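> Structural data only, the sequence is not supplied:
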């Protein structure tokens, strides 16, 4: 389908709507803001480039934004930033190359998935204090240091990027740092805080890097220790 059928807006008892795997470009004439009981929707695997203002108002007031991975969004839809309680955002496989500074407003975000064409993680991501999982695999990101010390981050996937140096200021909650297939030539570890006495890290993968040796990297520092 290229358009949402007009009859959908008259489905007064409709609760969930799955529009995935079509060829929908926009939702401008869908009339979804007229469906009183609609509480969740999906829009994966389409050709959508933007969400219209009526959909923005509906999403902000009634239901979280639909999963929007695998579309043609160049920019993160503005509706996203109207939802400060949003806990998961999947923008994978779109045309987005940069995240705007407004990403820092999503302070309730727990899972952020950005597989695709992103080249940079903005400094405002430091405000994502509840983030537990960051999946930025298969992008062109050269610096992921912003993410190391996020206080609740547990899992960081960053393989197949353009990272050249890992200055590991690892936060106390990070258990998985998966970063193979990067151009890493420098690796150094330091606790994120001088008061940090233990680490949760259980997996560190920097395979297929460009490290000639590990002489400057003290692996013993990754073991839990006590004062």
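Thanks, I have it. Note that the coordinates shown come from a computational prediction; the quantities given were computed from them, not determined experimentally.

> how close does residue 98 sit to residue 34?
34 Å (CB to CB, to the nearest Å). C-beta: built from backbone N, CA, C; applies to glycine.

> got it, and residue 68?
The value you get for residue 68 to residue 34, if CB to CB is used, is 21 Å.

> which one of the two has more residues nearby?
A count of neighbours by other CB atoms under 10 Å puts residue 68 above the other of residue 68 and residue 34, at 23 against 14.

> What does the pLDDT read for that one?
For residue 68, the model assigns a pLDDT of 80.

> residue boundaries of the helices in this structure?
All helices of the chain, identified by DSSP state H, fall at 53-61, 145-148.

> mean pLDDT for these: which is lowest?
Ranked by mean pLDDT, these end with helix 53-61 at the bottom, a mean of 50.

> which residues touch the closest residue to residue 35 other than its chain neighbours?
Distances taken as CB to CB, 6 or more residues apart in numbering place residue 14 nearest to residue 35, at 5.3 Å, with adjacent residues excluded. Residues in contact with residue 14, defined by CB atoms under 8 Å, 6 or more residues apart in numbering, are 8, 35, 37, 38.

> OK, contacts around the third one?
So that's residue 37. Counting by CB under 8 Å, 6+ apart, residue 37 has contacts 12, 13, 14, 15.

> Which one of the residues you listed sits in the busiest neighbourhood?
Highest neighbour count within the contacts of residue 37: residue 14, with 16 neighbours (other CB under 10 Å).

> Tell me the spacing between residue 16 and residue 8.
Where residue 8 is concerned, residue 16 sits at a distance of 12 Å (CB to CB).

> Show me which helix or strand of the chain is least confident by mean pLDDT.
Within the chain, judged by mean pLDDT, DSSP states H and E, the helix or strand with the poorest mean is helix 53-61; its value is a mean of 50.

> Centroid-nearest residue for the chain?
residue 112 (2.4 Å; CA atoms, centre = their mean).

> how much space between it and residue 148?
Counting by CB to CB, the gap from residue 112 to residue 148 is 15 Å.

> ok, now residue 116?
22 Å.

> now do residue 210
Here residue 210 is placed at a distance of 20 Å from residue 148 (CB to CB).

> what mean pLDDT does stretch 121-135 have?
On average, stretch 121-135 scores 94.

> From here on, call the first residue 405.
Renumbered: residue one is now 405, and that last one reads stretch 525-539.
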